[in-house]
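**Q** coords please:
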Amino acid sequence: MPIAIGIAWLILMFLGVPIAFVLGASAMIGVLLGPDGFDALPALIEQMFVAISSFNFLAIPLFVFTGGLLAEGGIAKILMDLTNLTIGRGRGGMGASIVASAMVFHGISGSSSADAAAIGKVTLPTLREQGYPLPFSVALLATAGATGTLIPPTNDLILIGIVGNMSIAGLFSAGILPACLNGLGLMSLVVYLSRRRGYGNVTIPFSLKQAALAFFKAIPALFMVVIILGGILGGVFTPTEAASVAVFYGLFLAFVVYRSITFANFLGIFRTTIELSGMVLLVIGMAAMLGYALTIFQVPHELARLLDSFAPGKILFLLFVQITFYAIGTCMDTVPAILILIPILTPMAIARGIEPIHFGILVECNVALHLACPPVGNVLFTACAVGNTPLETVIKPILPMIAILTVTMLIITYVPDIAMYLPRLLRLVD
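**A** Model prediction:
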């Protein structure tokens, strides 16, 4: 019956059926053609409700809502002013400051698409004035937004932690240094290309007074990072509790400190939160149905037996994992892949001596890469929409950036200490 599930999957994907219904329908077809037939269908429905009833999933809509508040609240401009006055003063500095701002903004909003949209609206006119070609600017915006995905809080790490039975606090701490490595690699490339091609020919004189004022203005926003990361990593909050506190603090920033959101914007944020959260939870429920169908047909067992033959060691196994997620990410969103493959592959990784938190981070590195990869990168589409730029014109300038992020992904994959240093320092792993 796994063959029937695979055929149904391919046909439905080819017909353009939304991915949530592809997952659920292919699971139902496989079960119906199995030995128990209709008698097994109630178990599928039960699995769907069990999957979405996890208390930890409540953090997803709360972080989405917080991200919407901060994206609409003018926080991006405040962060860009700060980074421009510190690291964005030389040739290519504006491009480097976009990467830094996207990483900090993700630590506040938790959304890569929100990063790209909010920062793009602020920076694209200035980039054009400084001589950056629009396709290059859009490519940089997309990859900067994708780079920030490893900075907590991020919904993907919450999903990986829940379905892989990993510490979410451990994953959050483990994502920080890999994100910094990605950011440094991307900033180095941007500065090199800018100097070689003559982009960013505006030098901003350093003013200690202006830098101090920009930092003072950004303190309330930066304190959101302290609340979320400090609360979770310090054991004060669970991720869900931290998300709740972040919502209240985000409302305080938007309506009291910066006063930058209208009532109409506020209603729009509610609507967007409901839509995004509903889509994510529907995918989670349907993926649970497919995961259950694959389990009853012994697919994880057969895959484990196959990998024991072809990839018995750690090096080949990790290469297989990255190639698998890389291939999936080129044709569909990687969230279903996380929900289906992480529960299957994590025990195999542990059996090969791989730390589960490191395994979750290396998968998230791959997911982050595909957020900016054509043809299905969500952040890439957002950046193109903000810049009003056709996707085909962005492909050429984005390829060197994708290459750099691929190299850093492989470094993170095979040098586990980069990801595991902070969790060990904070005693979040044994």
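**Q** could you report the neighbour count for residue 180?
**A** 15 (other C-beta atoms under 10 Å). Using the backbone N, CA and C atoms, a C-beta is placed for each residue, glycine as well.
**Q** show me where the stretch 101-250 of the chain has helices.
**A** 112-129, 134-147, 155-163, 168-174, 176-197, 208-225, 231-233, 239-252 (DSSP state H, counting those that start in this stretch).
**Q** looking at those helices, which is closest to residue 86?
**A** helix 208-225 (6.2 Å; C-beta to C-beta).
**Q** stretch 153-163: which residues count as buried?
**A** Of the residues in stretch 153-163, 153-163 count as buried by neighbour count, 16 or more other C-beta atoms under 10 Å.
**Q** what does it contact?
**A** 54, 56-57, 59-60, 63-64, 106-107, 110-112, 149, 166-168, 170-172, 175, 228, 232, 239, 242-243, 246, 280, 284, 335, 338-339, 342-343, 360, 363-364, 367 (C-beta atoms under 8 Å, 6 or more residues apart in numbering).
**Q** coming back round to it: with respect to burial, which of the helices of the stretch 101-250 of the chain scores highest?
**A** helix 134-147 (a mean of 29; mean count of other C-beta atoms under 10 Å).
**Q** and that helix, what does it pack against?
**A** helix 93-109, helix 112-129, helix 176-197, helix 356-371, helix 378-387, helix 391-414 (3 or more C-beta pairs under 8 Å, 6 or more residues apart in numbering; DSSP states H and E).
**Q** can I get the ones you listed in TSV including mean pLDDT and distance to residue 329?
**A** Putting the helices and strands packed on helix 134-147 into TSV (pLDDT from 0 to 100; distance: least, C-beta to C-beta, whole Å) gives the following:
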stretch	mean pLDDT	distance to residue 329
helix 93-109	78	19
helix 112-129	76	14
helix 176-197	90	16
helix 356-371	89	3
helix 378-387	81	11
helix 391-414	91	11
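**Q** show me where pLDDT drops low in this structure?
**A** 1, 73-74, 76, 84, 88-90, 108-111, 114-115, 201-207, 330-334, 375-376 (pLDDT under 70).
**Q** what helices or strands is the top helix by length along it leaning on?
**A** Criterion DSSP state H: the longest helix present in the chain is helix 263-296. Packing partners of helix 263-296 (3+ C-beta pairs under 8 Å, 6+ apart): helix 2-14, helix 19-32, helix 41-52, helix 59-72, helix 335-351.
**Q** rerun at 10 Å
**A** helix 2-14, helix 19-32, helix 41-52, helix 59-72, helix 155-163, helix 299-310, helix 335-351 (3 or more C-beta pairs under 10 Å, 6 or more residues apart in numbering; DSSP states H and E).
**Q** sorry, back to before: tell me which two in the buried residues of stretch 153-163 are the farthest apart.
**A** Farthest-apart pair in the buried residues of stretch 153-163 is 153 and 163; separation 17.0 Å (C-beta to C-beta).
**Q** quick check: closest non-adjacent residue to residue 276.
**A** Spatial nearest neighbour of residue 276, chain neighbours left out: residue 64 (5.2 Å); criterion: C-beta to C-beta, 6 or more residues apart in numbering.
**Q** hang on, isn't the one you found packed against residue 271?
**A** No - checked against C-beta atoms under 10 Å, the pair residue 64 and residue 271 is beyond contact range at 11.5 Å.
**Q** between the two, which one's more packed in?
**A** Under the criterion of other C-beta under 10 Å, the comparison of residue 64 against residue 271 puts residue 64 first, with 24 against 10.
**Q** against residue 270, how distant is that one?
**A** Going from residue 64 to residue 270 by C-beta to C-beta, to the nearest Å gives 11 Å.
**Q** hmm, back to that, and of the helices and strands packed on helix 134-147, who's closest to residue 144?
**A** helix 93-109 (3.9 Å).
**Q** okay, angle between the closest one and helix 378-387 too, please.
**A** Interaxial angle, helix 93-109 versus helix 378-387 (axes from the mean of the first three to the mean of the last three C-alpha atoms, to 10 degrees): 120 degrees.
**Q** elements contacting helix 93-109?
**A** Helix 93-109 packs on helix 59-72, helix 75-86, helix 112-129, helix 134-147, helix 176-197, helix 208-225, helix 239-252, going by 3+ C-beta pairs under 10 Å, 6+ apart.
**Q** centre of the chain to the longest one, how far?
**A** To tie it back to what came earlier, the one meant is helix 176-197. Counting by C-alpha atoms, centre = their mean, to the nearest Å, helix 176-197 is centred 18 Å from the centre of its parent chain.
**Q** ok, the second one next?
**A** Taking C-alpha atoms, centre = their mean, the mean C-alpha location of helix 75-86 is offset from the chain mean by 22 Å.
**Q** other SSEs contacting it?
**A** helix 59-72, helix 93-109, helix 112-129, helix 208-225.
**Q** tell me how far the nearest residue in space to residue 86 that is not next to it in sequence lies from residue 150.
**A** Excluding the flanking residues, the one nearest residue 86 by C-beta to C-beta, 6+ apart is residue 211, at 6.2 Å. Using C-beta to C-beta, we find residue 211 at a distance of 27 Å from residue 150.
**Q** also residue 168?
**A** In terms of C-beta to C-beta, residue 168 sits 14 Å off from residue 150.
**Q** wait, doesn't residue 173 sit right on residue 229?
**A** Yes - if you go by C-beta under 10 Å, residue 173 and residue 229 touch, sitting 8.0 Å apart.
**Q** shared neighbours, those two?
**A** Residues touching both residue 173 and residue 229 (C-beta atoms under 10 Å, 6 or more residues apart in numbering) are residue 152.
**Q** now the spatially most central residue of the chain, nearest residue through space, not along the chain?
**A** The residue lying closest to the centre of the chain (C-alpha atoms, centre = their mean) is residue 149, at 3.7 Å. Spatially, and ignoring its direct neighbours in sequence, residue 149 is nearest to residue 368 (3.9 Å; C-beta to C-beta, 6+ apart).
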